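> I would like the atomic coordinates for the input below:
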Amino acid sequence: MQAGIKQIILVGIGFLSFNALAMDPGEELQEAAYEGETLLVEQLLSTGTDPDGSTVFSPLYCALLNDQDNAVEKLLDGGATIDHNVFGLAAELGRIDILERGLQNPEFDINFPAPLTFTTALKIAKLYKQEEVQNLLIDNGATEDL
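Numbering: from 1, shown residues only. Model prediction:
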């Protein structure tokens, strides 16, 4: 049985130290997003914390991974970037709303593989049988030959 991205990353996040005494604002935002602590997310963003965080797993990625929709919206409203890792996770989860927002960026390369998975969103959508996602990606220029 093949492990999903969510399972692999949950293990990875478990190894991250969430020690409040040593945590920088980016890590604190990452943890708050993952836990769905939207008031803390808002507070950190309002004090100038980078909405993309400071670790390999962005706060947006962590919130999306843990189904924290309110935190996802706060981060997006606060300027978080839909990078290729977030885009790939959105493809796995069937999150058309996130994919459509990512596609609004004219510089976004839909065929660039996500660094965490080394594969494209289209391949991830096919793997997880997300037909609506596949159609959206193909309609927006995703190709299978990469």
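> low-scoring stretches of the chain, by residue?
Confidence mapping of the chain against pLDDT under 70 gives the ranges 1-23, 145-146.
> where do the helices sit along it?
With DSSP state H, the ranges of helices along the chain come out as 5-15, 25-35, 38-46, 59-65, 69-77, 84-93, 96-103, 121-127, 131-139.
> now the ones you listed as TSV including mean neighbour count and distance to F112?
C-beta: built from backbone N, CA, C; applies to glycine. Below are the helices of the chain laid out as TSV (neighbours: other C-beta atoms under 10 Å; distance: least, C-beta to C-beta, whole Å):
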stretch	mean neighbour count	distance to F112
helix 5-15	13	16
helix 25-35	23	23
helix 38-46	18	27
helix 59-65	29	16
helix 69-77	20	20
helix 84-93	25	5
helix 96-103	17	11
helix 121-127	22	9
helix 131-139	16	12
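> and D109, which of the ones you listed is closest to it?
helix 84-93 (8.0 Å; C-beta to C-beta).
> now the angle from that closest one to helix 69-77?
Helix 84-93 and helix 69-77 meet at an angle of 140 degrees, taking axes from the mean of the first three to the mean of the last three C-alpha atoms, to 10 degrees as the criterion.
> helix 84-93 versus helix 96-103: what angle between them?
Interaxial angle, helix 84-93 versus helix 96-103 (the same axes, to 10 degrees): 150 degrees.
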